[in-house]
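> How does the following fold in three dimensions:
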Amino acid sequence: MSSGSPASASSYAPRKILITGAAGFIASHVTNRLIKNYPDYKIVALDKLDYCSSFRNLLPCRSSPNFKFLKGDITCADLVNYLLVAEDIDTIMHFAAQSHLPYHSKSIVEDKV
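Model (predicted):
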């Protein structure tokens, strides 16, 4: 074990968080709670607003100054890389996923989620 590991882990404090799948059921509750309880955190919410998510889930935090929503797909590497740099993201909470797969299993491979 490195002698620097415990010190760096104990000094970590998230400040700029990217939440993927933010408009889904679970992630929207996490997002709303973070906005309410941690006003010093900047929350960047990313969701493609597919059949299993709704922007209405994020209405409680939409007027918050530390909240930013972007409609986009995590499979777009250019978008994700841009957000990581432009928003100076230090933490990612990954919730993006299909809630169920009513289609052929080929979609699992295509979505890469």
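
> ok, now which ones touch Ala22?
Neighbour list for Ala22: 28, 31, 45-47, 58, 69, 95 [criterion: C-beta atoms under 8 Å, 6 or more residues apart in numbering]. All C-beta spots, glycine's among them, are computed from the backbone N, C-alpha and C.

> Just to be sure, which of the residues you listed are found in strands?
Members of the contacts of Ala22 lying in strands (criterion: DSSP state E): 45-47, 69.

> how far is stretch 57-67 from where the chain is centred?
Put simply, stretch 57-67 sits 14 Å off its chain's centre (C-alpha atoms, centre = their mean, to the nearest Å).

> measure it end to end?
This stretch, stretch 57-67, spans 14 Å end to end (C-alpha to C-alpha, to the nearest Å).

> Let's see the PyMOL selection covering just the buried ones among the ones in strands among the contacts of Ala22.
The PyMOL selection below is limited to those of the ones in strands among the contacts of Ala22 classed as buried (16 or more other C-beta atoms under 10 Å):
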select buried, resi 45+46+47+69
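
> residues contacting the residue most central in space within the chain?
Central residue of the chain (C-alpha atoms, centre = their mean): Ile19, 1.1 Å from the mean position. By C-beta under 8 Å, 6+ apart, Ile19 lies in contact with 27, 30-31, 34, 43-46, 92-93, 95.

> between the residues you listed, which is nearest Ser64?
Ile43 (8.0 Å; C-beta to C-beta).

> how far away is the closest one from Ala22?
According to C-beta to C-beta, to the nearest Å, Ile43 stands 8 Å off from Ala22.
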